[in-house]
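S.K.: Got a predicted model here, sequence first, then my questions.
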Amino acid sequence: MFEEKRDLFTSEQDTEKEKIMQPSADTPQEVVSWYTPVEKEGPEVVSYYVQKKPLPQKACVPYVPHSSYPAPKKRRRGLWIFLSCLGVLLVVVVVGALCSMGKPHDRGVTGDDENPSSIVHVGDVDSAIPVVKGDPDVKLHITQEHGPELSPQEIYRRVNPSVVTVVAEEESGASVGTGIIMTADGYILTNAHVISGAKSAWIAMDTGVTYEVHLVGFDEQQDLAVLKTVDDVDIPPAVFGDSGQAMVGDTVYAIGNPLGLELRGTMTDGMLSAVGRTVDMEGVSMQMLQTTAALNSGNSGGPLINAYGQVIGINTMKMSNTDLDHESTVEGLGFALPISDLTFAVNDLIALGHYRGVPVIGVTVVTVEMEEGGTGVAVHSVSKGSGAEEAGIHTGDLLLAADGQELHTVDDLLMIRRTHQVHDTLHLTIWRDGQILETDVMLYSDREMES
């Protein structure tokens with residue numbers, strides 16, 4: 001079935017590669033069903049299953065075009081029509097919940113057998129996608145500057161060409177997610193759970209052009225995977241902004257493939273409702289951006305975009321209420337991995353195929369007011385066994401510069417640290433008791449420090 005789906009892309013590619021595919025007349029324009037299992041534990045969960053086999057014939061509710069409804073004679077009649085439609089929706093949700101534990105489709109089954117990848121972290125990740133060695137000179141670059149705010153239309157035109165559909169083919173059926181073009185020569189970022197269980201994968205551009213991809217590396221704790229096109233390509237990369245500058249209330253956008261292939265290229269908007277939100281998923285603690293932008297199954301691995309057209313996050317999970325006995329619902333709780341926090345992981349996956357952890361200096365620092373005016377960076381504490389302790393850094397030291405660049409705020413130090421990898425050395429210039437000292441600090445991995 002997915003070979004047939006791919007033919008929908010490749011047939012257009014042979015005749016007019018640069019033409020943007022338009023949805024067919026019978027493409028659904030809004031989602032009217034949501035498949036979630038009934039949980040007995042409580043009203044709120046952070047995981048769900050996706051419908052994988054056709055519903056029973058009697059459970060299928062045909063879509064009725066709006067024009068076929070009788071014209072309302074009174075306002076109250078319109079209200080009753082709305083309530084009736086709502087009732088049909090609830091029936092479909094219940095049936096979907098009861099059927100969601102079915103087996104995956106065989107490819108020969110007709111109908112929509114694509115399985116949109118779950119938005120939530122799925123735990124253990126296993127992939128048989130052919131592996132390719134990445135280029136260690138390729139790095140994820142974070143742009144600090146930005147221009148003026150853009151309109152939603154401008155953002156879509158700018159970012160959508162850098163968003164791809166990721167199809168991870170399994171033994172039976174496939175998983176559909178979203179990816180972000182990182183480099184023009186074909187490095188793609190997505191979630192690790194999108195490619196979990198896959199034996200091969202391919203991507204589709206917004207133009208309909210498709211490319212085979214291999215796996216460069218993944219890390220399940222970060223829920224991050226890097227793919228690489230098999231062929232030599234020249235495709236438009238996204239611009240990645242500093243997620244550390246994001247603030248609650250910022251306008252954000254998401255582009256992806258909610259519920260699979262049929263609704264690919266969907267854009268939603270919202271705002272950042274929290275930054276640095278700690279979310280625990282199956283024993284893994286993750287620092288996330290929380291957003292009200294609508295995320296659905298299939299958005300996994302897609303971009304969270306700021307008002308300047310820069311990617312600041314990778315959409316990863318959504319909280320969902322699956323207890324239909326309760327009137328309350330969970331809405332507007334989507335989460336994305338902050339892109340600035342992923343630089344170490346992305347660079348490690350490309351260079352090594354695995355992630356070693358975050359390189360840490362081994363100090364906590366604060367921005368302080370200087371007597372002569374301006375601000376500086378002072379050491380608040382030093383971690384035992386860290387590179388900072390080995391280098392002789394003390395509590396109360398004032399950090400004047402890192403790698404020769406002056407430090408005025410904590411963000412200055414963090415930005416310089418992002419240019420390094422685990423086991424690099426960071427050169428620090430220190431002021432202590434009226435003396436200027438120079439020292440090199442070994443950057444150990446936070447995972448090494450924990451062990």
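M.R.: Received, thanks.

S.K.: Report how many residues lie close to the closest residue to residue 305 other than its chain neighbours.
M.R.: Distances taken as C-beta to C-beta, 6 or more residues apart in numbering put residue 253 closest to residue 305, at 4.4 Å, once the chain neighbours are dropped. C-beta coordinates here come from the backbone N, C-alpha and C atoms, glycine included. Neighbour count for residue 253, taken as other C-beta atoms under 10 Å: 21.

S.K.: so what's residue 253 bridging to?
M.R.: residue 269, residue 305 (DSSP bridges).

S.K.: And it, how close does it get to residue 238?
M.R.: 12 Å (C-beta to C-beta, to the nearest Å).

S.K.: Which residues are in contact with each of the two?
M.R.: With contacts taken as C-beta atoms under 8 Å, 6 or more residues apart in numbering, residue 253 and residue 238 have residue 159 as neighbours in common.

S.K.: The residue nearest to residue 305 touches residue 151, doesn't it?
M.R.: No - counting by C-beta atoms under 8 Å, no contact exists between residue 253 and residue 151, whose distance comes to 10.9 Å.

S.K.: quick one on the thing from earlier: tell me the spacing between the residue nearest to residue 305 and residue 146.
M.R.: Using C-beta to C-beta, one obtains 14 Å as the distance from residue 253 to residue 146.

S.K.: For the closest residue to residue 154 other than its chain neighbours, give me phi and psi.
M.R.: Of all residues beyond its chain neighbours, the one nearest residue 154 is residue 309 (7.0 Å), with distances taken as C-beta to C-beta, 6+ apart. Comment: the main-chain dihedrals of residue 309 come out as phi 80, psi 20, following degrees, to the nearest 10.

S.K.: list the contacts for residue 309?
M.R.: In this structure, residue 309 makes contact with 150, 154-155, 158-159, 239, judged by C-beta under 8 Å, 6+ apart.

S.K.: Give the buried subset of those residues as a PyMOL selection command.
M.R.: Once 16 or more other C-beta atoms under 10 Å is used to decide burial, the buried members of these can be selected in PyMOL as follows:
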select buried, resi 150+155+158+159+239
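
S.K.: ok, of the contacts of residue 309, which one's closest to residue 200?
M.R.: Out of the contacts of residue 309, the one with the shortest distance to residue 200 is residue 159. That distance is 27.1 Å, counting by C-beta to C-beta.

S.K.: My read is that the closest one contacts residue 238, right?
M.R.: Yes - if you go by C-beta under 8 Å, residue 159 and residue 238 touch, sitting 6.3 Å apart.

S.K.: any residues in contact with both of those two?
M.R.: 303, 311.

S.K.: So residue 441 is in contact with residue 388, correct?
M.R.: Yes - shown here, residue 441 and residue 388 form a contact pair, counting by C-beta under 8 Å, at 5.5 Å.

S.K.: Return every residue with contacts to both of those two.
M.R.: Taking C-beta under 8 Å, 6+ apart as the contact rule, the neighbours common to residue 441 and residue 388 are 361-362.

S.K.: These two: who's more crowded?
M.R.: Under the criterion of other C-beta under 10 Å, the comparison of residue 441 against residue 388 puts residue 388 first, with 27 against 23.

S.K.: Tell me the helices and strands packed up against the helix or strand harbouring that one.
M.R.: Using DSSP states H and E, residue 388 sits within helix 387-390. The elements that helix 387-390 packs onto, with contact taken as 3 or more C-beta pairs under 8 Å, 6 or more residues apart in numbering; DSSP states H and E, are strand 375-382, strand 435-442.

S.K.: so of those, which one's packed in deepest?
M.R.: The highest mean neighbour count among the helices and strands packed on helix 387-390, using mean count of other C-beta atoms under 10 Å, belongs to strand 375-382: a mean of 18.
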